[in-house]
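Asks: kindly generate the corresponding structure for this input.
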Amino acid sequence: MEDGQNYSNWIEVDLAVIENNVRQIRQHTGVQVMAVVKANAYGHGAIPIARAAIQGGASWFGVARIEEALEIRQGGLDSPVLELGFTSPGRLEEAIANRISLAVWDKDQVERISAVAANIGKAAQLHLKVDTGMSRLGIQPQNVLALARYIESKANVIFEGVFTHYARADEADPEPSMIQEKIFLQTVADLAAVGIHPPFIHAANSAASMTRPNSRFNLVRAGIALYGLHPSKDCQLPPEFRPALSWKSILTQVKLLPPGRGVSYGHEYITSAYERIGTIPVGYADGFRRQPGNQVLVTGRKVPVVGRVCMDQITIQIDGAPQAKEGDEVVILGSQEKSRITAEEIGHRWGTVNYEVVCGIGHRVPRLYV
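Replies: Below you'll find the model as predicted:
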């Protein structure tokens with residue numbers, strides 16, 4: 001791995017951990033795994049993560065945008081890719097030509113896709129998205145049969161899959177997901193009753209993959225679990241899963257300031273005694289938010305961020321880490337010696353979720369791979 005200390009701050013991603021997490025999902029569910037690598041693989045880096053996921057046994061990729069799907073193809077990966085959201089009509093030809101499976105939920109979409117596919121002499125793979133309670137994208141269950149029959153009647157399209165998405169699978173209360181599961185099971189049964197059997201049926205996200213065996217069908221979509229992060233405080237991954245990402249920086253200066261000295265913009269922090277203040281080259285432009293109460297690890301100890309978070313730098317009070325010196329590695333997210341700062345901990349501090357913490361790490365932060 002390249003030396004991270006060549007950079008101001010950097011991410012380290014352990015690809016062996018990604019492989020392990022995929023294997024754990026496969027062992028836990030017993031079905032095929034779609035590695036969800038949208039949003040630059042939740043900030044981890046799409047192509048390296050996609051390759052590691054395949055090594056671990058994933059057989060599909062899930063993305064949210066056509067650009068993400070094409071990045072997978074340009075990265076030399078040939079496995080099936082499903083664009084889970086909306087595909088702009090102007091990008092359909094690219095998608096079909098690159099064998100990107102498309103989500104559909106209305107007749108007009110199917111008509112457009114069929115026409116484009118016919119025009120370029122290709123067949124388009126379609127996954128019918130059913131809204132069982134998310135109330136976002138998807139066709140209402142009572143209309144599924146008519147649209148499924150329409151798909152089957154069209155030339156140049158293949159009815160490859162049917163799927164839904166759970167709204168509350170990561171909550172302690174199982175009832176909302178149970179209701180969605182029941183609706184989807186009935187939808188699949190209704191299709192089967194008229195002889196329609198899409199090859200792929202999928203409903204389970206990471207949380208449902210762990211908690212709802214009847215929702216696994218023959219394919220699960222692994223997003224947050226792929227990266228070793230818990231779906232929620234109420235839905236914890238088994239201990240065999242591990243986080244793959246660490247975020248690090250270096251201590252660039254240490255100074256002893258006298259009592260009454262203001263620190264950073266606005267002097268919101270004033271030293272109360274002689275204090276050791278360190279500077280770290282990471283800031284809100286990198287995804288480190290300006291919320292109060294931030295901490296980092298130095299010499300294995302948690303120390304507080306003091307003063308305002310700047311665009312490119314933060315200041316820390318390191319009296320609690322007396323051995324800390326310029327050039328020392330700083331851990332923003334991850335482990336150091338016996339201490340750890342988790343994405344869940346940061347998310348709680350920032351009033352958000354672990355998903356947003358890792359997705360929000362900026363593009364200028366280099367990703368280094370173990």
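Asks: how far away is Arg242 from Asp170?
Replies: 19 Å (CB to CB, to the nearest Å). Every residue, glycine included, has its C-beta placed from N, CA and C.
Asks: what's the following helix or strand after the lengthiest helix in the chain?
Replies: Once the chain is assigned using DSSP state H, the helix that runs over the most residues is helix 175-193. Sequence-wise, the next helix or strand beyond helix 175-193 is strand 200-202, with elements assigned using DSSP states H and E.
Asks: just the pLDDT for the closest residue to Gln5 other than its chain neighbours.
Replies: Using CB to CB, 6 or more residues apart in numbering and skipping the chain neighbours, the partner closest in space to Gln5 is Ile250 (5.7 Å). Note for Ile250: predicted pLDDT of 98.
Asks: for Ile250, give the beta-bridge partners.
Replies: Following DSSP bridges, Ile250 is listed with bridge partners Glu329.
Asks: which helix or strand contains Phe159?
Replies: strand 157-163.
Asks: coming back round to it: neighbour count winner among Arg242 and Asp170?
Replies: More neighbours surround Asp170 than the other of Arg242 and Asp170, with 22 against 16 (other CB atoms under 10 Å).
Asks: what about Ala118, which SS state?
Replies: Taking DSSP: H, G, I helix; E, B strand; the rest coil as the rule, one finds Ala118 in the helix state.
Asks: then Leu92?
Replies: Three-state call for Leu92 (three-state DSSP): helix.
Asks: from the structure, what's the count of residues near it?
Replies: Look at Leu92: counted by other CB under 10 Å, it has 22 neighbours.
Asks: check Arg65 too.
Replies: When neighbours are defined as other CB under 10 Å, Arg65 has 17 of them.
Asks: for Tyr148, which non-adjacent residue is closest in space?
Replies: Residue 148: Ala, not Tyr. Ile196 (5.3 Å).
Asks: tell me the contacts of the one you found?
Replies: By CB atoms under 8 Å, 6 or more residues apart in numbering, the residues touching Ile196 are Ala148, Arg149, Glu152, Phe159.
Asks: how about a markdown table for those residues, with pLDDT, neighbour count and secondary structure added?
Replies: Formatted as a markdown table, those follow (pLDDT from 0 to 100; neighbours: other CB atoms under 10 Å; DSSP: H, G, I helix; E, B strand; the rest coil):
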| residue | pLDDT | neighbour count | secondary structure |
| --- | --- | --- | --- |
| Ala148 | 99 | 22 | helix |
| Arg149 | 98 | 13 | helix |
| Glu152 | 97 | 14 | helix |
| Phe159 | 99 | 23 | strand |
